[in-house]
Every structure is written in structure tokens, then in C-alpha cells.
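**Q** Fold the following for me, if possible:
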Amino acid sequence: HAAVGGEADAVAGAAGGPKWLVLYHLDRLMLADFYNHCTRPLHFIGSSIGAWRFACYAQDRPLEAIDRFEEAYLGQTYSDDPDREEITAKSREILDYVLGESGTAEILSHPVFRTNVMTVRSRNLVRSESRLALTAGLLFAATANAVKREWLGAFFERVLFYDRRDRPPFFDLEGFPLTTVTTSERNLAEAILATGSI
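**A** Predicted coordinates for the structure are as follows:
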């Protein structure tokens, strides 16, 4: 939790998959104590599991939301050989349970928290649905990254979904292509789902 430019506070939540279960109790502690005292806009920026956690933070009853997330996360089951469609459907089911009927609206109208979600859009070969082209594209991307990180921009583009009420302090990230989109009832859940996709 850090002040940025003396004007706004920001909290980053990185990707981490099941490692978030270690943070579950810290989340509960922070929600029950520390974040209750925030009075000025606090920008959460998350990718993958970080965005899912922050989606719980900004609901009206965040402790209940984070408990729903833990329950659904631990309770997920799949067939012996799940495909992309099955995994996507299960992820959507978990997110629907975490958000409930009003979670999206609560996040978008939270009086203090500003939920921002970082996703990545694939470009060129890594956009392909063909396994061969995708594999080749990922090999080219890994090579480009090893030579010069900025070259990854030929393969991936960051897409920042941000709360329209306040421009976040990380709005003008450099060194990598960035597209910005304001969050809405229509796209927030899809952005959260997208940032957890593999």
C-alpha cells in the first residue's frame, strides 16, 4: 500500500494462482481492520488472482465475498481431461458465485475503492487457435523477451480496465503497448474472467 505522487493510494495484486490461499487470512485481516479506515480513493490494480481478490474487497460485504471465493475455489472439480470450454465454464461459475446478484454494481459504486483490472490481449501468431501457430508464436515471444523485453509488444498488449471515477496513478504505463477501457456493468466480470485466463 503506497502513496503515488502524493495524490492517490494504490495497491497491487499480482497473479499467483492457488498461492492466494496463503493470503486468504491476510485478506480477511486487512478487510476487517486496515481498509475500514480508508477515506480517500484507493486504487486496486490486479491481474489474475489479484483481480479476483480485489473484486471481493470492493463488495458491500467483502468478508462474505472472500469466503465465497475460498469456498468455490476449493470446491471446484473437473473431468479427467478438461478442455478449454470446461475450464472456462467452471471459472465463470465461480465468478458468478463470488459476485452474486449485485457484486458488480457494488464494485462499480464503492465509495472509496477503485477496482482496476489488468489483462493481456494476444497479438499476431499468439492469437491463433492453431496449436502449431500458437506454439511457434510463444517460442518467438520467449526469444524476443530474452533479447529485449520491449519486443514482447509485438506479441502481447496490456489492456487496463479502470474505474472511470478517478484516473488511476498507473494509467500511463510505458515500455509495453497499453489500451485503456473504462469498467462498466457490461464488461467488469468479463475483464476479471479474462485476467485469470491461460
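**Q** hmm, who's touching stretch 185-193?
**A** Stretch 185-193 is contacted from outside by 51-52, 55, 88, 91-92, 95-96, 99, 104-105, 107-108, 115, 117, 119, 161, 181, 183, using CB atoms under 8 Å, 6 or more residues apart in numbering. Any C-beta I mention is one placed from the backbone N, CA and C, and that applies to glycine too.
**Q** Could you rerun that using 7 Å?
**A** Contact with stretch 185-193 is made by 51-52, 55, 91-92, 95, 99, 104-105, 107-108, 117, 119, 161, 181, 183, as judged by CB atoms under 7 Å, 6 or more residues apart in numbering.
**Q** Next: stretch 27-40.
**A** Arg53, Tyr57, Pro62, Leu63, Ile66, Val112.
**Q** May I see the buried residues of that stretch?
**A** For stretch 27-40, a neighbour-count test (16 or more other CB atoms under 10 Å) marks Asp27, Met30, Leu31, Tyr35 as buried.
**Q** pull the longest strand from the chain.
**A** Counting by DSSP state E, the longest strand found in the chain is strand 113-122.
**Q** Name the residues that touch the helix or strand following that one?
**A** Sequence order places helix 131-147 as the next helix or strand after strand 113-122, per DSSP states H and E. For helix 131-147, the surrounding residues in contact (CB under 7 Å, 6+ apart) are Asn124, Leu125, Val126, Ser128, Trp151, Leu152, Ala154, Phe155.
**Q** out of those residues, which are buried?
**A** Leu125, Val126, Leu152, Ala154, Phe155.
**Q** which one of those residues sits closest to Tyr73?
**A** Val126 (27.6 Å; CB to CB).
**Q** Could you pull up the contacting residues of that closest one?
**A** Neighbours of Val126 in contact, by CB under 7 Å, 6+ apart: Leu134, Gly137, Leu138, Ala141, Phe155, Phe156.
**Q** Spatially, which two of these are the most separated?
**A** Farthest pair in those (CB to CB) is Leu134 and Phe156. Separation: 12.9 Å.
**Q** More neighbours: which of the two?
**A** Between Leu134 and Phe156, counted using other CB atoms under 10 Å, Phe156 has the larger neighbour count: 18 against 15.
**Q** Show the contacting residues for the more buried one.
**A** Per CB under 7 Å, 6+ apart, neighbours of Phe156: Val120, Ser122, Arg123, Val126.
**Q** Give me the phi and psi for it.
**A** phi -140, psi 150 (degrees, to the nearest 10).
**Q** Can you tell me how far it is from Thr119?
**A** Distance from Phe156 to Thr119, counting by CB to CB, to the nearest Å: 10 Å.
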